[in-house]
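> Output the structure for:
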Amino acid sequence: MAGRIEDYALIGDMQTAALVCRDGTVDWLCLPRFDSHAIFAGLLGTEEHGFWRLGPAHAADAPPPMAARRGYRGDSLILESEWDTPRGTVRVTDFMPPRDGAPQLIRIVEGISGRVPMRSALRMRFSYGRVIPWVHKHEGRTVAVAGPDSVWFDTSAETYGKQLTTYADFTVAPGDRIAFTISWEPSHKQPPPLPEPEQSLEATEDFWRDWVDQCTYHGPYREAVVRSLITLKALTYAPTGGIVAAPTTSLPEEIGGVRNWDYRYTWLRDAAITLSSLLRTGYREEARAWREWLLRAVAGDPENLQIMYGIAGERELGEAELDWLPGYENSGPVRVGNGAAHQLQLDVYGEVTEALHLAHMTGLARNDYASLLQLKLIRYLEKHWDEPDEGIWEVRGPRRHFVHSKVMAWVAVDRTIKLIESGDADGPLEKWRELRDDIHRDVCERGYDKERNTFTQSYGSKELDASLLLIPQMGFLPPDDKRVIGTIEAIQRELSTPDGFILRYPTSGTDEGVDGLPGDEGAFLACSFWMADDLAMIGRVDEARKLFEKLLSLRNDLGLLAEEWDPRLQRQVGNFPQAFSHVPLIDTALRLTASGAYGG
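Numbers count the residues shown, from 1 in each chain. Here you go, the predicted model:
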């Protein structure tokens, strides 16, 4: 059985990523890309669906021991786990070196004290655990082959096969270092080069040190901000600049529920807000690469803008269910692909335009096509802003006139007007000023409940929605506007969990709710950070700081956050780690630091 979501560590090479449990088991790895088929899918099933455990030997009828200590080596993505056993102490170092060629996962066992018996158990299963590969020796190397894939296993330890699993039993003493590496290569090509684990470790450490040195944030929350930045960098697909929402699929928003989605794609919304955080902390190269990715993905067809694309800009992300996988803690179905790709979500136009605007304002070299794209997006919104859509939360129920979508349409027009006013683009300025005013008036008249003094989720509805917290952050209304304050206080009353975190919107348990789905979900962490932001903006800075630091306490021991927090089970839920949680963490830290609202 897979560990709790917070028991996992992330390692990656900016093309794919692995999750490593506290007991030394890699339960999730897709090769060669984030969105490729998994060769270890035990996270969503059982050990029969693929895993790689490396740790102290233990009795067959006992659970594998958990590491006594673990952490990343400095500001890097190099994981170090240590076990204290009756026979001594051992360390395992796990990492994936940034690459130009074959992807590699390297694990180095190091003896610290005593003599510790160790075991490596490697069970590769291709196609999300469905395909058993042909495992054999080739010129002294172990290789697993199935269809187009081959995975090469290299180690100096003696290995043997048993029950369709490759084992190595060995003992380490102080100073011993034994490396294990798997490398992926298309099965029709020559074998990948022999790995050089120690040189790769040094190069990986150098890479992360040099990258983190570019960070311009040096405030009181630096540790949390830097770990979030490293996580966002790890979720970036280096060859194209695309940013995945998370490296996993189908980790449930409710344990045992059906709200299980594939997040291994580039949502324009998530990528745009990620770009904003990177720009605010000094990372302009990532911003440039994402802008180039965006221009390629959208190409000459902004009228058919999708809410998400593949990491190389692919448009077809057909959704399917993998019925041979029972799901994380039996939370089925397991889905790959995402049927929401072709939804209409008008807010995306605002997020993309805001990101392009911020890139322009922070001095990113001008790109004429980026400006042209921005103008084309507004011409589309001219005709469609007043239509109902599926909204930011990708509801699978009827389309509605979501207030947040209208607000973000206003943002798109507002930022484009600013671009024209700066002299860097030409457009019908007066016409679009009128459009901006029309959208603003429409939202304030049709999306605001005067009796309750709050904006609502959609026109004519009584439900609230945490996305309304972005109204002051986007500049739609000033923070001291009574309607803004009323909305913040209404969300605190109606969408807060007992421990003060924020739900996205009301759900309906076993009945089908506004999102067209049965079941409930946890507190949405991004929304909780938005609340902290808003509280700071309206002058309730002590309350904002306390909420922010309470949110920081939800991170696992490595500083990682999933999408949501289950207040009933007191555990993380949803895909992991989640860009949409780490981005607002950074933004709130920057806001609180700027206001001086932090502890001693």
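> So which residues of the stretch 151-300 of the chain form helices?
197-212, 222-234, 268-280, 284-298 (DSSP state H, counting those that start in this stretch).
> likewise the chain?
Listed in chain order, the helices found in the chain under DSSP state H are 126-129, 197-212, 222-234, 268-280, 284-298, 347-361, 368-384, 403-421, 429-446, 470-473, 482-494, 525-537, 541-552, 579-595.
> helices and strands around the first one, which ones?
This points to helix 126-129. If you count contacts as 3 or more C-beta pairs under 8 Å, 6 or more residues apart in numbering; DSSP states H and E, helix 126-129 packs onto strand 38-40, strand 141-146. Backbone N, C-alpha and C define where each C-beta goes, glycine included.
> So for the first one, mean pLDDT?
What it means is strand 38-40. The pLDDT scores in strand 38-40 average 98.
> Can you name every helix or strand that it contacts?
strand 25-30, helix 126-129.
> again, but for the longest one
Strand 141-146 makes packing contacts with helix 126-129, strand 134-138, strand 149-155 when contacts are defined by 3+ C-beta pairs under 8 Å, 6+ apart.
> rewinding a little: looking at the helices and strands packed on strand 38-40, which is buried most?
For these, the largest average neighbour count (mean count of other C-beta atoms under 10 Å) is found in strand 25-30, namely a mean of 27.
> returning to what we had before: nearest to residue 239, of the helices and strands packed on strand 141-146?
Nearest to residue 239 among these is strand 149-155; the distance by C-beta to C-beta comes to 18.7 Å.
> Who does that closest one pair with, and is each partner parallel or antiparallel?
Strand 149-155 pairs in its sheet with strand 141-146 (antiparallel), strand 177-186 (antiparallel), by DSSP bridges.
> Contacts only, for residue 131.
By C-beta atoms under 8 Å, 6 or more residues apart in numbering, the contact list for residue 131 reads 125, 146-147.
> OK, contacts around residue 56?
Contact analysis of residue 56 by C-beta under 8 Å, 6+ apart lists 65, 83, 85, 90, 116-119.
> Now render these as TSV, adding neighbour count.
Shown next, in TSV, are the contacts of residue 56 (neighbours: other C-beta atoms under 10 Å):
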residue	neighbour count
65	16
83	23
85	19
90	29
116	26
117	15
118	23
119	17
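> Residue 357: which of the residues you listed is nearest?
When those are compared against residue 357 (criterion: C-beta to C-beta), the nearest one is residue 83, at 50.1 Å.
> Count the residues that sit near the closest residue to residue 185 other than its chain neighbours.
Counting by C-beta to C-beta, 6 or more residues apart in numbering, the nearest residue to residue 185 once its immediate chain neighbours are dropped is residue 192, at 4.6 Å. Residue 192: 22 surrounding residues under other C-beta atoms under 10 Å.
> same question, residue 368
Neighbours around residue 368, by other C-beta under 10 Å: 9.
> who's in contact with it?
By C-beta under 8 Å, 6+ apart, residue 368 lies in contact with nothing.
> Same question for residue 456.
403, 447-449, 462-465, 468 are the contacts of residue 456 under C-beta under 8 Å, 6+ apart.
> do that again at 10 Å, thanks
402-403, 446-449, 462-465, 468, 487, 490 (C-beta atoms under 10 Å, 6 or more residues apart in numbering).
> ok, now residue 203?
Taking C-beta under 10 Å, 6+ apart as the test, what residue 203 contacts is 97-98, 196.
> now swap in residue 160 and tell me
So residue 160 contacts 166-169 (C-beta under 10 Å, 6+ apart).
> how about a markdown table for the residues you listed, with pLDDT and neighbour count added?
Formatted as a markdown table, the contacts of residue 160 follow (pLDDT from 0 to 100; neighbours: other C-beta atoms under 10 Å):
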| residue | pLDDT | neighbour count |
| --- | --- | --- |
| 166 | 97 | 19 |
| 167 | 97 | 16 |
| 168 | 97 | 20 |
| 169 | 98 | 14 |
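> now those residues in TSV, with distance to residue 74?
Putting those into TSV (distance: C-beta to C-beta, whole Å) gives the following:
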residue	distance to residue 74
166	32
167	33
168	29
169	32
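> If residue 91 is in a bridge, with which residues?
With DSSP bridges applied, residue 91 shows beta-bridge pairing to residue 82, residue 110.
> isn't it right up against residue 85?
No: using C-beta atoms under 10 Å, residue 91 is not in contact with residue 85; the gap is 11.9 Å.
> Pull up the overlap in contacts between those two.
Overlap between the contact sets of residue 91 and residue 85, as judged by C-beta under 10 Å, 6+ apart, is given by residue 116.
> Distance check, the closest residue to residue 442 other than its chain neighbours against residue 419.
With sequence-adjacent residues excluded and distances taken as C-beta to C-beta, 6+ apart, residue 442 is closest to residue 406, at 6.6 Å. As judged by C-beta to C-beta, to the nearest Å, residue 406 and residue 419 stand 21 Å apart.
> of the two, who's got more company?
Using other C-beta under 10 Å as the criterion, residue 406 and residue 419 rank with residue 406 on top: 26 against 23.
> Could you report the neighbour count for residue 136?
11.
> what do you get for the one 5 residues further on?
Burial measure for residue 141: 15 neighbouring residues, criterion other C-beta under 10 Å.
> can you check residue 352 too?
Count around residue 352 with other C-beta under 10 Å applied: 25.
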